[in-house]
Structure formats: structure tokens, C-alpha cells
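Student: what's the 3D shape of this:
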Amino acid sequence: MSAVLAPAEGFRERTVSVLLNIAHAIDHMFLLIFATAVVAMTAEFGVSRWEDLMPYTAGAFVMFGLGAIPAGRLGDLWGRRQMMLVFFFGMGLSAGLVALTNSVWQLAIALTLLGAFAAIYHPVGIPMLVQGARQPGMTIGINGLVGNLGIAATALVTGYLVKWFGWRMAFAVPAAVSIGLGLLFLWASPRETEAPSKRTAKAKVTLSQAQLARAFLVMTAAAASGGLLFNMTTNANTQLMTERFHGVLEDPAMLGILLAIVYSVASLAQIVVGRLIDRHPLRPLYMKVALLQIPMLVLAAYSEGWLLFVALTGVMVAVFGAIPFTDAMIVRYVDDRLRSRVAGMRLAVGLGISSLAVWALGPVVKNVGFDTLLLVLAGVSGLTAVIVSFLPEETA
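Tutor: Residues are numbered from 1 along each chain as shown. Okay, here's the model as predicted:
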């Protein structure tokens, strides 16, 4: 009988892995729909410039960080499967609420709720995906690729939905998809026999308590600086391309396709980095990727038109290439029974700080322009490299 059931069980296990990766795409996509559609929303919400509407999404990114603490704790103590179900259905319902808003404060509240549900994925979904993985770096790389394809999909899907059906459908259609995926996850994922907090799997690299504390401080600080860079670029890229392609290409849908190409190409960097993570120490590898961001950002600061397209591709390759490192640190240094809680604490601090980027983006661009913004981000990349240099040496 078990031999007959084995193929079905294997299919369900593969389905769960696929859904956990798709969930990463949903997580990033839903948080960036607003930034992509904001120009189309301004008139309806009574503001004249997109920069003036951007601060109302700050609550989403604050909750994306702060919500990671209770999400991680519940993932370890209650169960990662249950929390992922909350994620799928919560994302769908909150995105649906955004589509129904009629005032800026309704919009702010609905986006904040969306951010709270989005906070679940990283401390819960990634530990669930890598538990027992033989090549965690590669697993994280593939997961990062799919997550960033979600960002690419935002530029493409949102651009077309806004153009043909209006900004409300840009939230409503993904909302329905998320709820449907939640129902599929409910069917495919087996019930957990024990809470992750009761498991005994050890970390790959053994560190002393002092080294572990130092690694936690480094991964938190690196997540903050890296998250600042990620949030600033991904939320600003649509408007950056619109400004720098003025007179060259001005169709929002075509600009969305170009940005989707940028993100798709850049996402492949995570596969390469994932393979390297499985083979090499984290510290020198992470420093090289962080330093690569600096010349790319400087070039983008002074580029327009098609040169900007090339420079922006280089920027996002380096930015996306840095993403797997923070999750790889947790897998390499932290026991499975604690991973969701450690990830939650790290994300709360790191993303809580970097969420200020979304609040500040509109006012900064309005006052100093994109060129100064990109040069400041180059400095942030240099800071990230310095922070990473304090990672402890790895001993087996």
C-alpha cells in the first residue's frame, strides 16, 4: 500500500516546495504593486505628484519588519505550515482591501495590514523550505530567483492591468491568485507532527556563543543596509526609468517590460551565488558582491536612456546577488529549532530600519533627484562591505 502512495506523496512534497517558492514571489510582488501603480492612483486620491503619495505605504514596510518577530516565534512554536496558510489567505484578503480603498488613510491602513501578512514569509517560508535540504545555498538561490521574478512580474503585470483595467484590478487579480494558492497549499502540505522548536537538527558550522552573537549582529546590520538598498532601488526603479527615458520611450507598459527584463536577468545572479555559497566561506564572497554594487550605482547615477537600462541591470544583478547571504547565514550558523525566531528578530531590526527608505523615497527624490540618491546608495553598499568584514571565521 505504501508503494502505491509513495508517488502521490512525492508529488505533494514537490508541490509544497513549488508553492513555497511561489509564495516568495507573491511576497515581493504584492509589496511593490503600489510603487508600480502609484502614478495612476494620484488623481483619485487627491494628490498631484506620486512623491506625495509614497509615504502612505511606509506602514506596510514597517510591519514587514516588525511583524517578523511574532511570525518567527509562531512559526517555531505553533508550526510553519499553519503560518504559511495564514500568509496565503492574509495576503489575498489584505490586497483585496487595498483595491476597495477610497481615501489616503484607508489606503495606508490596508497597505499596513498587507505588510503585516507579508512579514510571515521570510522567517517562516524559507526555514520550512531549507529544513533538511542537502544544498541549502542552492535552495536559497532558487528561492531568491523565484522571489525576484515576482518583482519582475510586478513591473509587467501591474503595468498591463493598470493600463487596461485600472489600478484597483492590479491589486484584486493577485489577491484572488493568492487565495487560490492557499487552498492548494492546504491540500498539498502534510500536517506537522511536531513543532520546529522540538527538533534537534544542528547548524552546519559550529560557533561559540560569542561568535554566534557577533554573527547575529553582523547579519542584522547587513540586512538593514542591504534592505535599505533593496527597498530604495525596487521602489524607485519604475519612476527612475520613466524620468530617464523621457523622450526615448514613454509607454508605461513598454517600460514595465524593460524593467521586467532587468529583474529577470538580475534574478539569475542568485542561482550563481547560491552555488558559490555551498562551496565557499560567506565573508569574502559577500564582501565582493557588496563592493560590486558601488561602480554600478555610480554609473546609473549619470546614465539616461538605454545606457541607464544597461547600468540598472548591473545594479540589480549586484543587489539581487546579495540577497541569499542573510538567509544562508541563518542556515549555516543556527539550529533548525531556532531558525524562524532568529530570522524574525533579524528581519524586524533590519527591515524596520530599511523600511524608512520607502517613507523617505518620495521626499528625497523630490528635493535632490535620482542622481544624488544613487550616489548615496553607493555609499550604503560600501558600508555593507565593512559590516560583513566582521563576520567570524568559519570552523567546521
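Student: Please count neighbours and contacts with C-alpha atoms only from this point.
Tutor: Will do.
Student: Phi first, then psi, for Ser303.
Tutor: Main-chain torsions, Ser303, degrees, to the nearest 10: phi -110, psi 150.
Student: shaky segments in the chain?
Tutor: 1-10, 132-133, 195, 197-208, 336, 350-359, 394-396 (pLDDT under 70).
Student: Could you identify the longest helix within it?
Tutor: Among the segments of the chain that qualify as a helix by DSSP state H, the longest is helix 2-41.
Student: Mind listing what's buried along that helix?
Tutor: Applying a neighbour-count criterion of 16 or more other CA atoms under 10 Å, one finds 12, 15-17, 19-41 buried in helix 2-41.
Student: Equivalent analysis for stretch 163-177, please.
Tutor: Across stretch 163-177, burial judged by 16+ other CA under 10 Å covers Lys163, Gly166, Trp167, Arg168, Met169, Ala170, Phe171, Ala172, Val173, Pro174, Ala175, Ala176.
Student: Distance from it to the middle of the chain?
Tutor: Computed by CA atoms, centre = their mean, to the nearest Å, the chain-centroid distance of stretch 163-177 equals 21 Å.
Student: Stretch 222-239 too?
Tutor: Here stretch 222-239 is found 10 Å from its chain centre; the criterion is CA atoms, centre = their mean.
Student: How are the helices of the stretch 101-250 of the chain distributed by residue range?
Tutor: With DSSP state H, counting those that start in this stretch, the ranges of helices along the stretch 101-250 of the chain come out as 104-118, 121-130, 136-153, 159-165, 167-188, 209-244.
Student: what about the ones you listed, which gets the closest to Arg337?
Tutor: Using CA to CA as the measure, helix 121-130 is the one of the helices of the stretch 101-250 of the chain that comes nearest Arg337, at 9.7 Å.
Student: got the angle for the closest one vs helix 136-153?
Tutor: With axes from the mean of the first three to the mean of the last three CA atoms, to 10 degrees as the basis, helix 121-130 and helix 136-153 are set at 130 degrees to each other.
Student: Compute the inter-axis angle for helix 121-130 and helix 2-41.
Tutor: Going by the same axes, to 10 degrees, helix 121-130 makes 160 degrees with helix 2-41.
Student: which helices and strands does helix 121-130 pack with?
Tutor: When contacts are defined as 3 or more CA pairs under 8 Å, 6 or more residues apart in numbering; DSSP states H and E, helix 121-130 sits against helix 2-41, helix 68-77, helix 80-99, helix 136-153, helix 324-333, helix 339-354.
Student: so how far is that helix from its chain's centroid?
Tutor: In terms of CA atoms, centre = their mean, the centre of helix 121-130 is set 12 Å apart from its chain centre.
Student: and the angle for that helix with helix 68-77?
Tutor: Angle of helix 121-130 versus helix 68-77, following the same axes, to 10 degrees, is 30 degrees.
Student: and helix 121-130, C-alpha only, in CSV?
Tutor: Only the C-alpha atoms of helix 121-130 are listed here, as CSV (Å, rounded to 0.1, in the frame of the first residue of the first chain):
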residue,chain,number,x,y,z
TYR,A,121,7.1,34.6,4.7
HIS,A,122,10.8,35.2,5.3
PRO,A,123,11.1,33.9,8.9
VAL,A,124,8.7,31.0,8.2
GLY,A,125,8.6,30.0,4.5
ILE,A,126,12.4,29.9,3.9
PRO,A,127,13.2,27.8,7.1
MET,A,128,10.4,25.5,6.0
LEU,A,129,11.9,25.2,2.5
VAL,A,130,15.5,24.5,3.6
